[in-house]
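>>> this one's structure only:
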């Protein structure tokens, strides 16, 4: 009885070792296949490198991140009511959204990172003179205040220029009212760096943007690095979907094969003894 128990424990340890090994293999592949981003995990946060924008953003592991290469087996899709992952990917691409960030529990807000090519001739807000910066800021606010279309009406309630880690941002607080009378409150950080117009938007349909929500947004902005990031040929949704499916199938098969191997090996040893 004790011998069998000992063998079982060894079997469990070996299976666990294989499980850990495969999980590490999956993790090592995720940076390549994860959306159009590379993912680098630490104990408390993950860094997303977005080649299209030359932006690296670090996000707390307490938050969930969706990207343009989000896969159908993502366990957090239900939190945003996404039944069709293809539709989510398409929606993000059409709106130039590269990251959608939400809390893991009690989803009362979301943070969006979006970006596109900056207006012609503008490489960085940091390169503007004081007069040019004030003029650009004024134009930015005026073009986005009191906007109204068939879907929504938006008004800027507060605006200012901020500088974080040497990067100039236009910061605006916005109240958005949809035709269905749903009111959304937003805070946006906008900048131009390396020829890209980049926005960080916090939004909630609660009664107000709380200090905790604003802090989460500011923390993400503070971690942002603007640098040259090479795009991988594997950074596409098809590769991501295939790899996550294959790896999720291989994991239980490998564990089962290992168990069968040890059981068979144990049976052979018993026969030899007899």
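That came in fine, so what should we check first? The model shown is predicted, which means the values in this text are computed figures rather than measured ones.

>>> bridging residues for the nearest residue to residue 110 once chain neighbours are set aside?
Among residues not flanking residue 110 along the chain, residue 102 sits closest, at 4.9 Å (CB to CB, 6 or more residues apart in numbering). C-betas here are computed from N, CA, C, even on glycine. Beta bridges link residue 102 to residue 64 when assigned by DSSP bridges.

>>> and residue 102, how many neighbours?
19 (other CB atoms under 10 Å).

>>> with the one 4 residues further on instead?
If you count neighbours by other CB under 10 Å, residue 106 ends up with 8.

>>> then residue 172?
Around residue 172 there are 23 other residues, counting by other CB under 10 Å.

>>> doesn't it belong to a strand?
Yes - looking at residue 172 with DSSP: H, G, I helix; E, B strand; the rest coil, it is inside a strand.

>>> list the contacts for it?
141, 144, 156, 158-159, 186-188, 190 (CB atoms under 8 Å, 6 or more residues apart in numbering).

>>> the residue nearest to residue 110 reaches residue 78, doesn't it?
No - between residue 102 and residue 78 there is no contact under CB atoms under 8 Å: 11.4 Å.

>>> strands along this protein, start to end?
37-41, 45-50, 55-60, 63-66, 97-103, 110-117, 147-148, 152-164, 167-178, 183-193, 196-204, 225-226 (DSSP state E).

>>> now tabulate those in TSV and tack on distance to residue 127 and mean pLDDT.
Below are the strands of the chain laid out as TSV (distance: least, CB to CB, whole Å; pLDDT from 0 to 100):
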stretch	distance to residue 127	mean pLDDT
strand 37-41	27	43
strand 45-50	22	92
strand 55-60	18	95
strand 63-66	30	92
strand 97-103	24	95
strand 110-117	16	96
strand 147-148	28	88
strand 152-164	14	96
strand 167-178	9	96
strand 183-193	9	97
strand 196-204	14	97
strand 225-226	13	96
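
>>> CSV for these, including distance to residue 125?
Below are the strands of the chain laid out as CSV (distance: least, CB to CB, whole Å):
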stretch, distance to residue 125
strand 37-41, 24
strand 45-50, 19
strand 55-60, 15
strand 63-66, 26
strand 97-103, 19
strand 110-117, 14
strand 147-148, 22
strand 152-164, 9
strand 167-178, 4
strand 183-193, 5
strand 196-204, 10
strand 225-226, 11
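
>>> these: which one's closest to residue 89?
Of all the strands of the chain, strand 63-66 sits nearest to residue 89, with 9.2 Å by CB to CB.
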